[in-house]
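Engineer: Predicted model and sequence follow; I will ask about them next.
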Amino acid sequence: MLKHVIVLLATVVAFGFSIHMMAQLIGYTSPWMVLMLFMCFLGLAKMAEPVYMLKLPAWYRALRTWERAGEVYRKLGVRQFGTLLKDTPLRFMNLTVYVSGDRRDLRRICRQVESAEAIHFWSAILLLPYLVLCIWTRTWAPLGWFSVLL
């Protein structure tokens, strides 16, 4: 556990230094700076998993009737997107959610998947004010690109 805390603290220091240097170069108002902060959050949340896993709010975890039916998922192409993530180099972004390593520890796999979902959820929540600012200032290009990112 101490090793994980040390690695996490070192990551915080490295990201903090990187953010400071990038802000000096391009300023805090640049969309590239927002992208850097977004990526740093994702990285820190992932690095923190051995120490603390983010959780989803209870209302978000509840299974709704329309989700059970699966019709919306089929229309949105969720299965095809899953295949894209599984069968391309994108899979290397989070290898811990795949069953192939330790098939019998389903609890661990479920925690990893839930943590990955929580990281995405909280990063979207943190990015939302910037998206609202993009709408307010009518800067459509960053709004479009960050919407795709989510």
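Structural biologist: Yes, it's here.
Engineer: what residue lies at the spatial centre of the chain?
Structural biologist: H120 (3.2 Å; C-alpha atoms, centre = their mean).
Engineer: Now that one. Nearest residue, chain neighbours left out?
Structural biologist: In this structure, H120 finds its nearest non-sequential neighbour in L150, 7.8 Å apart by C-beta to C-beta, 6 or more residues apart in numbering. Glycine gets a C-beta too; all of them are placed from N, C-alpha and C.
Engineer: Now the lengthiest helix in the chain: buried residues?
Structural biologist: Longest among the helix segments of the chain by residue count, using DSSP state H, is helix 106-137. Using 16 or more other C-beta atoms under 10 Å as the test for burial, helix 106-137 gives 109, 111-112, 114-119, 121-123, 127, 130-131, 134.
Engineer: Any idea which of those residues the model trusts least?
Structural biologist: In terms of pLDDT, I109 ranks lowest among those, with 79.
Engineer: how near is A14 to L149?
Structural biologist: Separation of A14 from L149 (C-beta to C-beta, to the nearest Å): 22 Å.
Engineer: Actually, H20.
Structural biologist: 23 Å.
Engineer: cool, Q24 as well?
Structural biologist: 24 Å.
Engineer: likewise F121?
Structural biologist: 14 Å.
Engineer: next one: the longest helix of the chain to chain centre, how far?
Structural biologist: Chain-centre distance of helix 106-137: 5 Å, with C-alpha atoms, centre = their mean, to the nearest Å.
Engineer: Against which helices or strands is that helix packed?
Structural biologist: Secondary-structure packing of helix 106-137 (3 or more C-beta pairs under 8 Å, 6 or more residues apart in numbering; DSSP states H and E): helix 31-48, helix 140-149.
Engineer: can you redo these as JSON lines with distance to E67 and mean pLDDT?
Structural biologist: Shown next, in JSON lines, are the helices and strands packed on helix 106-137 (distance: least, C-beta to C-beta, whole Å; pLDDT from 0 to 100):
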{"stretch": "helix 31-48", "distance to E67": "25", "mean pLDDT": "92"}
{"stretch": "helix 140-149", "distance to E67": "22", "mean pLDDT": "85"}
